[in-house]
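*Asks:* Output the structure for:
(2 chains)
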Amino acid sequence: MIGYLLAYLSACRPCESRDPYPVPSRGTATYGSCVVIVSAILLTTLPAFATEIPPAERRSDYDLMSAQTRAMQDDDTANPGMLSVLDGEALWNHRDGATNTSCADCHNDARASMKGVAARYPAYSTVLGRPIDLEARINLCRTDQQKATAFTFESKELLGLTAYLALQSRGMPIDVASDARTQPFITAGRALFNRRMGQINMSCAQCHDDNWGRKLAGAPVPQGHPNGYPLYRLEWQSLGSLQRRLRNCMSGMRAEPFAYGAPENVDLELYLMSRAQGLKMEAPAVRP
Amino acid sequence: MTARTLINVPAKAKRGEIIEIKTLIAHPMETGFRVGLNGALIARDIITTFVCRHNGEEIFRADFSPAIAANPFLTFFTVATATGTIELEWTGDNGFSQTESAPITVE
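*Replies:* Numbers count the residues shown, from 1 in each chain, chains lettered A, B, ... in the order given. Modelled structure (predicted):
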């Protein structure tokens, strides 16, 4: 309860705060009204405050980055994510497994055959009866078609191939399916996004829906869109997947992260992609 | 295995023009100060020296330290003097050595 109070108080600032991305519907509360609201909360049970970002205000986290980091992402000879793309391109043409086939043997030139694919993932798999992300799709191809061993999560190989595929969708709008088959999983992902977790007892939505654009420890809180994954995070000094990012956020909330490949992670990935529907793909992006 | 590199040298330049050379190399730049899961120090593994030569003549040199990030990105300027080859050489711990080159035409 105290943690919640602190979190709420820090979210309430005078309206003249130097917010670089002011949103008319937020940030108008004064400390006086905060006290009233907080008192009301103390008297009642905790209500759900999260409100989704209106579609017109959804924007890539790129917009909140410094000019230097943006320049790094924009120049393919300065973007370290492109090193992994080179790894992925080599793997695409590398024959492997009991069938001694390469990705290119079936899918030909990735620049044509894989265009727009990453923008549609996670996608529903009829074999598994649930959505799978791009990493899982690559590993399914490896085990079923190539008869090779699956790559481990966050391995150089899996990140490289994912980055190479994601690059083929650069500039294309996110377009995940929202139909009868995927809808239950999007709903499950949304529920996870809004569920309080961990010792700090916070939900994803409290930062990324309610307080985006404000500062957390001096850094802007992003809207949390997945349009640049796998991305090169300067803090990691390496490329990382969306699942790594999700696990990272959960550790920050002092919650037990979902295991790599867990259905909860994929549901969250799917919800985040549907939440970012229409945003342009940037992979491999660079983030601070 | 050789490390992946990304090199940006202008293919053409006018004589006397100031040109920018940008290089990126995949390298862990392990500091030697970090502790592994077993509690033991992870041995230092960094690039120690970078040299750039234009037709064999050294035009730029940099010494690296453990404080430099993984996948170091280096950018510097030089004056385009003659058509030929820009040669880039990285050397480091554990016998790491890599040389890449890019052609340049000066008119």
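
*Asks:* Could you pick out the residues of chain B near chain A for me?
*Replies:* By Cβ under 8 Å from any Cβ of the partner chain, the residues of chain B that approach chain A are B:4-8, B:22, B:24, B:26, B:29, B:69-71, B:73, B:75. From N, CA and C alone the C-beta is placed, and that goes for glycine too.

*Asks:* Inside helices: which ones of those?
*Replies:* Assigned to helices by DSSP state H, none of these qualify.

*Asks:* Would you point out the most distant pair within those?
*Replies:* The distance between the two most remote of the residues of chain B next to chain A (Cβ to Cβ) is 20.5 Å, for B:N8 and B:M29.

*Asks:* Looking at these two, which is more packed in?
*Replies:* The neighbour comparison of B:N8 against B:M29 (other Cβ atoms under 10 Å in any protein chain shown) goes to B:M29, with 21 against 15.

*Asks:* Phi and psi next, for that one.
*Replies:* Backbone dihedrals for B:M29, given as degrees, to the nearest 10, come out at phi 50, psi 50.

*Asks:* ok, now B:W90?
*Replies:* phi -110, psi 130.

*Asks:* Please report the distance of the spatially closest residue to A:H107 that is not a sequence neighbour from chain B.
*Replies:* Nearest non-adjacent residue to A:H107, counting by Cβ to Cβ, 6 or more residues apart in numbering or on different chains: A:S113, 4.6 Å away. Distance, A:S113 to chain B, by Cβ to the nearest Cβ, to the nearest Å: 24 Å.

*Asks:* Buried members of the residues of chain B next to chain A into PyMOL, please.
*Replies:* Remark: buried members of the residues of chain B next to chain A, expressed as a PyMOL selection using 16 or more other Cβ atoms under 10 Å in any protein chain shown:
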select buried, chain B and resi 4+5+6+24+26+29+70+71+73
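
*Asks:* Looking at the residues of chain B next to chain A, which is nearest A:R195?
*Replies:* B:A70 (34.9 Å).

*Asks:* Could you double-check that that closest one sits in contact with B:I25?
*Replies:* No: with contact defined as Cβ atoms under 8 Å, B:A70 and B:I25 do not form a contacting pair (10.0 Å).

*Asks:* Can you name the residues that contact the residue positioned nearest the centre of chain A?
*Replies:* For chain A, A:P226 is the residue whose C-alpha lies nearest the centre (Cα atoms, centre = their mean; 3.2 Å). Applying Cβ atoms under 8 Å, 6 or more residues apart in numbering or on different chains, we find A:P226 in contact with A:L242, A:E269, A:L272, A:M273, A:A276.

*Asks:* what about it, helix or strand, and which?
*Replies:* For A:P226, there is no host helix or strand (DSSP states H and E).

*Asks:* sorry, back to before: most neighbours among the contacts of A:P226, which one?
*Replies:* Across the contacts of A:P226, neighbour numbers were computed from other Cβ under 10 Å; A:M273 holds the maximum, 29 neighbours.

*Asks:* tell me the secondary structure for it?
*Replies:* helix (DSSP: H, G, I helix; E, B strand; the rest coil).

*Asks:* Quick one, grab the pLDDT at it.
*Replies:* Predicted confidence (pLDDT) for A:M273: 97.

*Asks:* who are the neighbours in contact with it?
*Replies:* Shown in contact with A:M273 (Cβ under 8 Å, 6+ apart): A:Y121, A:P122, A:I174, A:V176, A:P226.

*Asks:* Quick check: closest non-adjacent residue to it.
*Replies:* Closest to A:M273 by Cβ to Cβ, 6+ apart is A:V176, at 4.5 Å.

*Asks:* try A:P226
*Replies:* Nearest one to A:P226, counting by Cβ to Cβ, 6+ apart, is A:L272 at 4.6 Å.

*Asks:* go on, A:T143?
*Replies:* A:A150 (5.4 Å).

*Asks:* host element of that neighbour?
*Replies:* Using DSSP H and E, no helix or strand contains A:A150.

*Asks:* what's the closest non-adjacent residue to the residue in the stretch 1-150 of chain A that chain B sits nearest to?
*Replies:* Per Cβ to the nearest Cβ, A:T77 is where the stretch 1-150 of chain A lies closest to chain B, at 3.8 Å. Leaving aside its sequence neighbours, A:T77 sits nearest to B:N8 (Cβ to Cβ, 6+ apart; 3.8 Å).
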